[in-house]
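K.L.:
3D, please:
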Amino acid sequence: MFVDVAKIYISSGNGGNGAVSFRREKYAPLGGPDGGDGGDGGSVIFVVDESMRTLLDFKYKRKHKADNGDNGGTTNCYGKMGKDAIIKVPKGTVIKDAASGHVIIDLVKDGQKSVVCKGGRGGRGNAKFATATRQAPEFAEPGMPGEEREVILELKLIADVGLIGFPNVGKSTILSMVTGAKPKIANYHFTTLTPNLGVAEIKGAGSFVIADIPGLIEGAHEGVGLGIDFLRHVERTKVLIHVIDVSGIEGRDPVEDFHTINQELKLYSDRLPLKPQIVAANKTDIPGYEENLEKLQAEMDKLGIKLFVISAATNTGLREMLLYASTTLNALPEEEETNVEMFVPEEKHFTYEFYRADDGAYCYRGTFIDRLLLSTNIYDPDSLKYFHKMLKKHGIMDDLTSRGIKNGDLVRINDFEFDFVD
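P.N.:
Here you go, the predicted structure:
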């Protein structure tokens with residue numbers, strides 16, 4: 001089954017908490033702090049796998065989570081780092097943020113990797129907080145939470161040549177004649193429901209990849225006839241072969257067909273009409289095509305587009321058309337890497353939520369605050385100083401000031417309350 005769109009949930013691991021520990025040995029009953037650091041959480045990493053051709057795997061597994069880092073231990077033992085979640089995808093996969101629709105990364109190279117959710121950093125153990133004046137810190141740093149988000153995976157096939165045109169004009173027959181591909185072929189519309197790929201090997205002209213793009217119809221750019229799903233795969237092709245039925249057996253005008261499809265390309269993306277285009281006048285094995293061919297030839301001459309008279313059913317004219325397509329491909333300049341500005345999702349390590357309680361207290365909650373409180377010893381002055389320092393560092397104290405808090409007003413962070421002092 002060919003699947004080219006999938007929505008999945010991904011989550012990186014939380015960092016482990018730093019440890020609070022002191023050396024307690026036979027001859028060192030009052031040893032110094034030796035709490036180790038927590039391990040970093042695992043990240044979610046997408047990797048291009050050359051052997052994959054579809055996103056089918058994600059139809060059955062929609063949640064991917066990296067491991068959490070282990071907490072720090074005694075005797076300065078560091079916590080184990082969480083295992084990364086490696087997600088393999090086909091070449092040509094675009095990863096988008098599901099909430100905004102923005103592109104996070106476009107994976108187009110073999111072996112390309114991208115960290116989409118970074119693991120939370122491990123917290124420092126109390127040994128790291130010892131100073132000349134604070135020789136026995138009773139607190140450690142919490143590990144940072146990982147990131148989580150829903151992403152949309154879109155596969156855009158990477159091919160040198162794309163076969164486009166209305167349904168039932170012979171695109172699949174052409175592909176089957178010139179490559180080893182075996183697409184489904186039948187005499188009804190939308191026989192082809194998914195794109196097919198094949199490699200054309202032309203003696204004296206090398207080889208190139210051809211994609212059979214399922215039939216487009218008017219309104220395709222708005223999704224009519226699954227058009228957007230099909231148009232996505234046209235974007236990565238370098239040359240387009242526009243297949244047109246000139247037999248007239250369906251009563252359509254070939255010139256109108258040409259302009260209708262090109263209008264859909266333009267409405268979908270301004271870049272698509274700029275691709276080199278070759279027109280294949282197909283089904284010339286059916287009597288009575290001459291008048292339609294003459295009209296189409298006159299229009300292509302006016303537009304300066306090369307037209308080939310072919311019959312996919314009898315393999316007539318296909319070699320000449322592919323030789324020209326190969327020459328056109330070789331004449332194209334080397335594509336430079338597009339400097340697409342990728343969307344960077346908001347970091348959620350230090351986010352928090354503010355609300356006012358019924359009793360007038362200024363209240364905060366959030367994952368970071370939860371973890372900070374867990375590592376705070378409210379009965380230890382040094383620990384409370386560090387807690388206050390972290391609130392100030394991550395903007396909570398400034399936020400309170402901006403909200404007009406006054407000395408003596410109550411601040412509540414989860415179940416922990418204190419009076420605000422400027």
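
K.L.:
and the residue positioned nearest the centre of the chain, which helix or strand is it part of?
P.N.:
The C-alpha lying nearest the average C-alpha coordinate of the chain belongs to Ile95 (CA atoms, centre = their mean; 0.6 Å). Per DSSP states H and E: Ile95 is located in strand 93-97.

K.L.:
next secondary structure after that strand?
P.N.:
Counting by DSSP H and E, what follows strand 93-97 is strand 103-107.

K.L.:
which other helices and strands does that next one contact?
P.N.:
Applying 3 or more CB pairs under 8 Å, 6 or more residues apart in numbering; DSSP states H and E, one finds that strand 103-107 contacts strand 44-48, strand 93-97, strand 113-117. The C-beta positions use only the backbone N, C-alpha and C, and glycine is treated the same way.

K.L.:
CA atoms only for it - export them in CSV, please.
P.N.:
This file holds the C-alpha atoms of strand 103-107, laid out as CSV (Å, rounded to 0.1, in the frame of the first residue of the first chain):
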residue,chain,number,x,y,z
VAL,A,103,7.8,23.2,7.6
ILE,A,104,10.3,22.0,10.2
ILE,A,105,12.6,20.1,7.8
ASP,A,106,12.7,18.8,4.3
LEU,A,107,14.6,15.6,4.0
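
K.L.:
and the strand holding Ile95, what's its mean pLDDT?
P.N.:
Predicted confidence along strand 93-97 averages 92 (mean pLDDT).

K.L.:
likewise stretch 155-163?
P.N.:
Rounded mean pLDDT across stretch 155-163 is 84.

K.L.:
which residues sit against the strand holding Ile95?
P.N.:
With contacts defined as CB atoms under 8 Å, 6 or more residues apart in numbering, strand 93-97 is touched by 46, 48, 55, 89, 102-107, 114, 116, 149, 151-156, 343, 345.

K.L.:
ok, the closest residue to Ile396 other than its chain neighbours - contacts?
P.N.:
Excluding the flanking residues, the one nearest Ile396 by CB to CB, 6 or more residues apart in numbering is Tyr364, at 6.2 Å. Residues counted as contacts of Tyr364 (CB under 8 Å, 6+ apart) are 352-354, 396, 411-413.

K.L.:
surely Tyr364 is within a helix?
P.N.:
No - counting by DSSP: H, G, I helix; E, B strand; the rest coil, Tyr364 is located in no helix; its state is strand.

K.L.:
so it bridges to which residues?
P.N.:
Phe354, Ile413 (DSSP bridges).

K.L.:
can you tell me how far it sits from Glu353?
P.N.:
7 Å (CB to CB, to the nearest Å).

K.L.:
from memory Gly42 sits against Gly13, does it?
P.N.:
Yes - taking CB atoms under 8 Å as the definition, Gly42 is a contact partner of Gly13 at 4.2 Å.

K.L.:
how long is stretch 15-35 from one end to the other?
P.N.:
16 Å (CA to CA, to the nearest Å).

K.L.:
same check on stretch 131-145?
P.N.:
27 Å.

K.L.:
which parts of that stretch are buried?
P.N.:
137-145 (16 or more other CB atoms under 10 Å).

K.L.:
try stretch 283-292
P.N.:
For stretch 283-292, by 16+ other CB under 10 Å, it's 283-284, 289, 292.

K.L.:
what about the protein, any weak spots by pLDDT?
P.N.:
The model of the chain has pLDDT under 70 over residues 1-2, 28-29, 180-194, 204-205, 215-230, 334-351.

K.L.:
what do you get if the cut-off is 50, keeping everything else the same?
P.N.:
Along the chain, segments meeting pLDDT under 50 span 1, 183-192, 220-227, 337-341.

K.L.:
all the helices of it, residue numbers only.
P.N.:
Using DSSP state H, the helices of the chain run over 57-60, 171-178, 227-231, 254-268, 290-303, 318-331, 367-374, 381-393, 396-402.

K.L.:
which of these sits closest to Gly35?
P.N.:
Proximity to Gly35 (CB to CB) singles out helix 381-393 among the helices of the chain, at 12.7 Å.

K.L.:
check the offset of the closest one from the chain's centre.
P.N.:
39 Å (CA atoms, centre = their mean, to the nearest Å).

K.L.:
which neighbouring elements make contact with it?
P.N.:
Judged by 3+ CB pairs under 8 Å, 6+ apart, helix 381-393 is in contact with helix 367-374, helix 396-402.

K.L.:
what angle separates the longest one from helix 381-393?
P.N.:
In this case it means helix 367-374. 170 degrees (axes from the mean of the first three to the mean of the last three CA atoms, to 10 degrees).

K.L.:
buried residues in helix 367-374, which are they?
P.N.:
In helix 367-374, counting by 16+ other CB under 10 Å, buried: 367-369, 371-372.

K.L.:
identify the bridge partners of Gly198.
P.N.:
Applying DSSP bridges, one finds that Gly198 bridges with Ile210.
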